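**Student:** quick one: sequence plus predicted model below, questions after.
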Amino acid sequence: MAKSSREEQAEQIRKLAEESGVQSNYLFVTTFDRYQVQLRILDRLEAAVDAEEDVKVEKKYSKGVTNSYANPVIKEYSRAVDSANKTVGTLMRIIKNFGVGGDDDSDDQLMAAINGEDDDDESDQ
């Protein structure tokens, strides 16, 4: 995901949080900050995965024995994706449970912002 696109999505999520009244909620703020850190970590892990030519790595032991293993970067990337997805779920629950007047429309808007969809989705026209 392009960095500017991610920043635009982050701004949309902040606006929706403000509309829901949770923009200064400690749980929202800290969770949203952690989510952004997770995305930066995912960028670095993704670059490492892309740089690898093989999904396996070899480990040589002191006696010259070599074993092949699944590349640990791939496992860490999968774990980071899973964690980021759980964090999004937590953000959704915070907005829904702590927001004032949380309606289904604001939930839909938040999901659209998280998914990178514009308010003026051309497919609807």
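**Tutor:** Received it, and whenever you're ready, just let me know what you need. Residues are numbered from 1 along each chain as shown.
**Student:** so what's the most centrally placed residue in the chain up against?
**Tutor:** Nearest to the geometric centre of the chain sits Ala84, at 4.3 Å (Cα atoms, centre = their mean). Contacts for Ala84 (Cβ atoms under 8 Å, 6 or more residues apart in numbering) come out as 35, 38-39, 42. C-betas here are computed from N, CA, C, even on glycine.
**Student:** any idea of the mean pLDDT in the helix or strand hosting Glu18?
**Tutor:** Here Glu18, judged by DSSP states H and E, is contained in helix 3-20. Per-residue pLDDT values over helix 3-20 give a mean of 80.
**Student:** in whatever helix or strand comes next after that helix, which residues are buried?
**Tutor:** Next in sequence after helix 3-20, counting helices and strands by DSSP H and E, comes helix 26-51. By neighbour count on 16 or more other Cβ atoms under 10 Å, the buried set for helix 26-51 is 28, 31-32, 35-36, 38-39, 42, 45.
**Student:** what is the mean pLDDT for helix 26-51?
**Tutor:** For helix 26-51, mean pLDDT rounds to 91.
**Student:** now that helix and helix 3-20, what's the angle there?
**Tutor:** Counting by axes from the mean of the first three to the mean of the last three Cα atoms, to 10 degrees, helix 26-51 lies at 160 degrees to helix 3-20.
**Student:** does anything pack onto the helix or strand following helix 26-51? Which helices or strands?
**Tutor:** Note on helix 26-51: by DSSP H and E, the next helix or strand toward the C-terminus is strand 56-60. The helices and strands touching strand 56-60, judged by 3 or more Cβ pairs under 8 Å, 6 or more residues apart in numbering; DSSP states H and E, are strand 66-70.
**Student:** quick one: strands adjacent to the strand it packs on?
**Tutor:** Strands that pair with strand 66-70, judged by DSSP bridges, come out as strand 56-60 (antiparallel).
**Student:** and the partner strand, C-alpha only, in PDB?
**Tutor:** Only the C-alpha atoms of strand 56-60 are listed here, as PDB (Å, rounded to 0.1, in the frame of the first residue of the first chain):
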ATOM      1  CA  LYS A  56      13.600 -21.700   2.600                       C
ATOM      2  CA  VAL A  57      16.800 -20.900   4.300                       C
ATOM      3  CA  GLU A  58      19.700 -23.100   5.200                       C
ATOM      4  CA  LYS A  59      21.400 -23.300   8.500                       C
ATOM      5  CA  LYS A  60      24.900 -24.700   8.800                       C
END
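**Student:** having no further points to raise, I will conclude here.
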